[in-house]
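Undergrad: Let's see this in three dimensions:
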Amino acid sequence: MDHGPVLDALKGGNGRYRGVALIESNVDENLLQSFDAAGMCGVRFNFMSHLGARPDLDRVRTVIGLVEPLGWHVAIHVAGRGLVEVSEFIRSIRTPVVIDHMARPDVREGLDGPVMTALKSLLDTGRVWVKVSGAERLSRTGTPYSDVVPFGRCLVEHAPERILWGSDWPHVNLDGPMPDDGDLVDFLGTIAVTDDQRRAVLVENPAKFFGFH
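TA: Numbers count the residues shown, from 1 in each chain. This next block holds a predicted model:
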């Protein structure tokens, strides 16, 4: 995995940016230290079949053990019922965890479905965070993603202090039309409906989670 572009951006940002790495269990210790010094603060794992084979949990544990002393977080990309399958593993992680795209539930399951139930239970541990991103990936109706609004709003109301947002730009591996990022910003206003909620999601929570001062 070539992290060169990310490292260049971190260098150019002069401390204004943070990065998340994809690393293997045999990563060189010196390389890991250089990533940390550059502004990397997390490691990401894809539990998605279209992005490759499901990672071996023993390997994942090894990688987490390597980054834990650095204070890095763990980002997990998982979809639908896959979250239910790995929820106990996520509970076992001692570092902060962020789950991408609201865990990509099937919106037809509703707010009381197994994925949202598992996700809220993980939020209740106090160590798990959720990105209310990827509305265009969850929606079955398209812009303005009204079928996803109840899911995002439920999460914001359930744990407003551990919700993050992101545009997901440049929207890679997207099965469908390219979204307008302005529509995704507007979507945030429909799920974080108060000034306090928006300030938490956009300012206070990311400052705490990513270590901005």
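Undergrad: So which residue is smack in the middle of the protein?
TA: Centroid-nearest residue in the chain, with Cα atoms, centre = their mean: Asp100, separated by 3.0 Å.
Undergrad: Retrieve the pLDDT associated with that residue.
TA: If you check Asp100, the pLDDT there is 97.
Undergrad: Can you tell me the closest non-neighbouring residue to it?
TA: For Asp100, ignoring the flanking residues on the chain, the nearest one in space by Cβ to Cβ, 6 or more residues apart in numbering is His77 at 4.5 Å. To be clear about C-beta, it is placed using only N, CA and C from the backbone, and glycine gets the same treatment.
Undergrad: got the CA positions of the host helix or strand of that neighbour in CSV?
TA: Assigned by DSSP states H and E, His77 belongs to strand 73-78. Taking C-alpha atoms only, strand 73-78 is exported to CSV below (Å, rounded to 0.1, in the frame of the first residue of the first chain):
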residue,chain,number,x,y,z
HIS,A,73,-7.8,4.3,16.8
VAL,A,74,-9.2,1.4,14.8
ALA,A,75,-11.5,2.2,11.8
ILE,A,76,-13.8,-0.6,10.7
HIS,A,77,-15.7,-0.8,7.4
VAL,A,78,-18.4,-3.4,7.6
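Undergrad: Hmm, Gly19 is touching Asp8, no?
TA: No. At 10.5 Å, Gly19 does not count as touching Asp8 under the criterion of Cβ atoms under 8 Å.
Undergrad: more neighbours, the two?
TA: Using other Cβ atoms under 10 Å as the criterion, Gly19 and Asp8 rank with Gly19 on top: 18 against 11.
Undergrad: where does that one fall, phi/psi-wise?
TA: Per-residue torsions, Gly19: phi -130, psi 160 (degrees, to the nearest 10).
Undergrad: Make 524 the starting number, not 1.
TA: Understood, numbering begins at 524; the last thing we discussed is Gly542.
Undergrad: any idea how far it lies from Asp635?
TA: Using Cβ to Cβ, to the nearest Å, Gly542 is found at 37 Å from Asp635.
Undergrad: Measure how buried the closest residue to Ser656 other than its chain neighbours is and give me the count.
TA: Closest residue to Ser656 apart from its sequence neighbours, by Cβ to Cβ, 6+ apart: Gly689 at 4.4 Å. Per other Cβ under 10 Å, the neighbour tally for Gly689 reads 15.
Undergrad: Can you classify Gly689 as helix, strand or coil?
TA: Judged by DSSP: H, G, I helix; E, B strand; the rest coil, the three-state class of Gly689 is coil.
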